[in-house]
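Peer 1: Next come a sequence and a model predicted from it.
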Amino acid sequence: MEDIKNISDELLSVLNKNKESIIRINSEETGYDLHDIELLWGDLENYLLNCHALYDKSTQLWSQNNTLYQTWEESSKHLRLPWGKVLVCTPSNSIIPLLPIIISSFCSVGNQLIVAPSRKVLKTTELILNHIQPILTQNNWKITLFKGGGRAALDEFIEKSKIDLLYFQGSSRNRVNVYTRCISNGIDIIFEGEGNQVTIIDEIPASQSITAVAETIRNAKMFCKGQLCTSPNVVFIHKNIATPLIVEYKKLATDCNYYKMEEIKSLINSESFSPVLNFAEYSNLEEVIDLLKSNYRYGLQISIFGNRTDRLEKCLLSEIHFSRLTINMNPTIQNSLLPWGGYKKSGYSPVVNFFEKATKKIIIEYGQS
């Protein structure tokens with residue numbers, strides 16, 4: 001654990017010394033506002049500062065699991081081991097903060113990484129890796145950069161069975177083909193497709209004004225050009241507050257559309273990947289739940305605003321499959337120390353933290369010698 005703390009502190013120190021140039025290059029490649037990337041950088045800092053504690057608590061939990069299994073089978077052992085050689089395909093929209101987070105988590109437990117970034121953020125990736133290379137070399141952390149993009153990396157490393165795990169982040173368009181290729185070649189897979197989250201505004205929270213809620217939704221949608229998985233795509237608004245809230249929103253942003261419930265069906269599964277926000281008015285929560293149950297392919301996140309949030313929470317949790325629920329807050333705010341996953345039809349990723357993603361479970365049972 002002490003090694004992880006020392007190395008993550010060194011990584012953060014080097015990255016912060018070169019923060020300005022990395023953020024500038026990333027802004028040029030993605031078109032994101034510098035301030036938005038600064039906020040993403042904050043998640044990176046928080047993770048590297050605290051990942052040693054996350055690792056410590058994770059290993060304690062793994063030890064408890066070992067004790068749990070030994071309750072029924074004394075001659076057994078529950079282990080967490082590195083995958084081995086891991087191909088990491090990263091998207092263009094979140095190389096910051098994800099690249100340093102994945103490197104610190106996967107390499108610290110013994111994995112070797114092949115990083116295949118989207119070519120849209122190749123300069124950012126190269127800059128980060130060049131700055132931290134002395135630390136990687138000093139600690140024998142093995143990372144190879146593949147510059148040909150994710151699709152070429154899949155062809156190069158999956159078909160020839162050169163890897164033990166594929167950690168893929170990006171579009172889910174080809175997920176079935178990728179699954180099939182990995183299974184056929186005996187390769188494990190974590191596949192994190194798009195998130196495309198929806199927001200439900202049932203009431204204006206007592207602690208907030210209607211203007212404040214409109215600003216929160218606007219900030220979430222405009223953050224990083226609306227291209228993050230946690231960016232709201234469709235906002236369902238109760239009919240009692242729909243008109244005044246949309247009026248407030250249009251004072252802040254003009255890129256929005258208004259639909260009736262029957263018209264929104266074709267849009268909830270379309271990732272806009274842009275600052276355009278779609279509003280839909282509803283009369284009761286049941287019609288929103290029925291729509292999501294019957295026609296919603298994503299499982300990453302749902303966001304709610306209201307006063308009786310316990311009722312909303314209970315209804316949603318009992319009816320809809322998703323892994324993250326945000327309540328009365330900006331849904332794009334993330335803490336990468338928390339578990340993450342649950343993509344439903346857009347991928348396969350258990351809801352676990354990054355150290356758990358970086359390790360595989362092994363059960364050993366002993367007979368009498």
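Peer 2: It's in.
Peer 1: so I132 touches L12, yeah?
Peer 2: No: if you go by C-beta atoms under 8 Å, I132 and L12 don't touch, sitting 9.9 Å apart. The C-beta positions use only the backbone N, C-alpha and C, and glycine is treated the same way.
Peer 1: Could I get the full set of helices for the protein?
Peer 2: Assigned by DSSP state H, the helices in the chain fall at 2-17, 19-30, 34-72, 95-108, 122-138, 150-157, 175-184, 210-222, 242-252, 261-264, 285-295, 309-319, 354-357.
Peer 1: Between those helices, which one is closest to F191.
Peer 2: helix 175-184 (5.8 Å; C-beta to C-beta).
Peer 1: Name the residues of that closest one that come out as buried.
Peer 2: Using 16 or more other C-beta atoms under 10 Å as the test for burial, helix 175-184 gives R175, V178, Y179, R181, C182.
Peer 1: Identify, from those, the entry nearest to L312.
Peer 2: The closest of the buried residues of helix 175-184 to L312 turns out to be R175 (C-beta to C-beta; 30.5 Å).
Peer 1: That closest one: what's it in contact with?
Peer 2: F191, G193, S346, G347 (C-beta atoms under 8 Å, 6 or more residues apart in numbering).
Peer 1: Next, format the buried residues of helix 175-184 as CSV and append distance to N335.
Peer 2: As requested, the buried residues of helix 175-184 are exported to CSV (distance: C-beta to C-beta, whole Å):
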residue, distance to N335
R175, 27
V178, 28
Y179, 29
R181, 33
C182, 30
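Peer 1: okay, those residues in JSON lines with pLDDT next?
Peer 2: Formatted as JSON lines, those follow (pLDDT from 0 to 100):
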{"residue": "R175", "pLDDT": "91"}
{"residue": "V178", "pLDDT": "94"}
{"residue": "Y179", "pLDDT": "94"}
{"residue": "R181", "pLDDT": "94"}
{"residue": "C182", "pLDDT": "96"}
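Peer 1: Closest to V247 out of those?
Peer 2: R175 (40.1 Å).
Peer 1: Can you give me the distance of the closest one to K360?
Peer 2: Distance of R175 to K360, computed by C-beta to C-beta, to the nearest Å: 21 Å.
Peer 1: Relative to the whole chain's centre, how far out is stretch 116-131?
Peer 2: 19 Å (C-alpha atoms, centre = their mean, to the nearest Å).
Peer 1: how close does N139 get to E10?
Peer 2: 9 Å.
Peer 1: ok so, going back, point out the one among the helices of the chain that comes closest to T326.
Peer 2: Each of these has some distance to T326 by C-beta to C-beta; the shortest is helix 210-222, at 9.6 Å.
Peer 1: Please enumerate residues in contact with the closest one?
Peer 2: Helix 210-222 has contacts (C-beta under 8 Å, 6+ apart) with 199, 201, 204-205, 208, 230-232, 235, 241, 244-245, 248-249, 251-253, 275, 277, 305, 329-332.
Peer 1: got the angle for that helix vs helix 34-72?
Peer 2: 80 degrees (axes from the mean of the first three to the mean of the last three C-alpha atoms, to 10 degrees).
Peer 1: which residue packs closest to I37, ignoring adjacent ones?
Peer 2: I23 (4.8 Å; C-beta to C-beta, 6 or more residues apart in numbering).
Peer 1: surely the one you found meets L34?
Peer 2: Yes: counting by C-beta under 8 Å, I23 does reach L34; the two are 6.1 Å apart.
Peer 1: between these two, who's got more neighbours?
Peer 2: I23 (20 against 11; other C-beta atoms under 10 Å).
Peer 1: what's the pLDDT at that one?
Peer 2: On pLDDT, I23 comes in at 98.
Peer 1: For it, list the residues it contacts.
Peer 2: Contacts of I23 (C-beta under 8 Å, 6+ apart): L34, I37, E38, W41, I96.
Peer 1: Can you report how many residues lie near Q368?
Peer 2: 4.
Peer 1: where's it relative to T90, distance?
Peer 2: For Q368, the distance to T90 - C-beta to C-beta - is 48 Å.
Peer 1: what's the answer for N284, then?
Peer 2: Taken as C-beta to C-beta, the span from N284 to T90 is 41 Å.
Peer 1: The two - which one has more neighbours?
Peer 2: A count of neighbours by other C-beta under 10 Å puts T90 above the other of N284 and T90, at 21 against 11.
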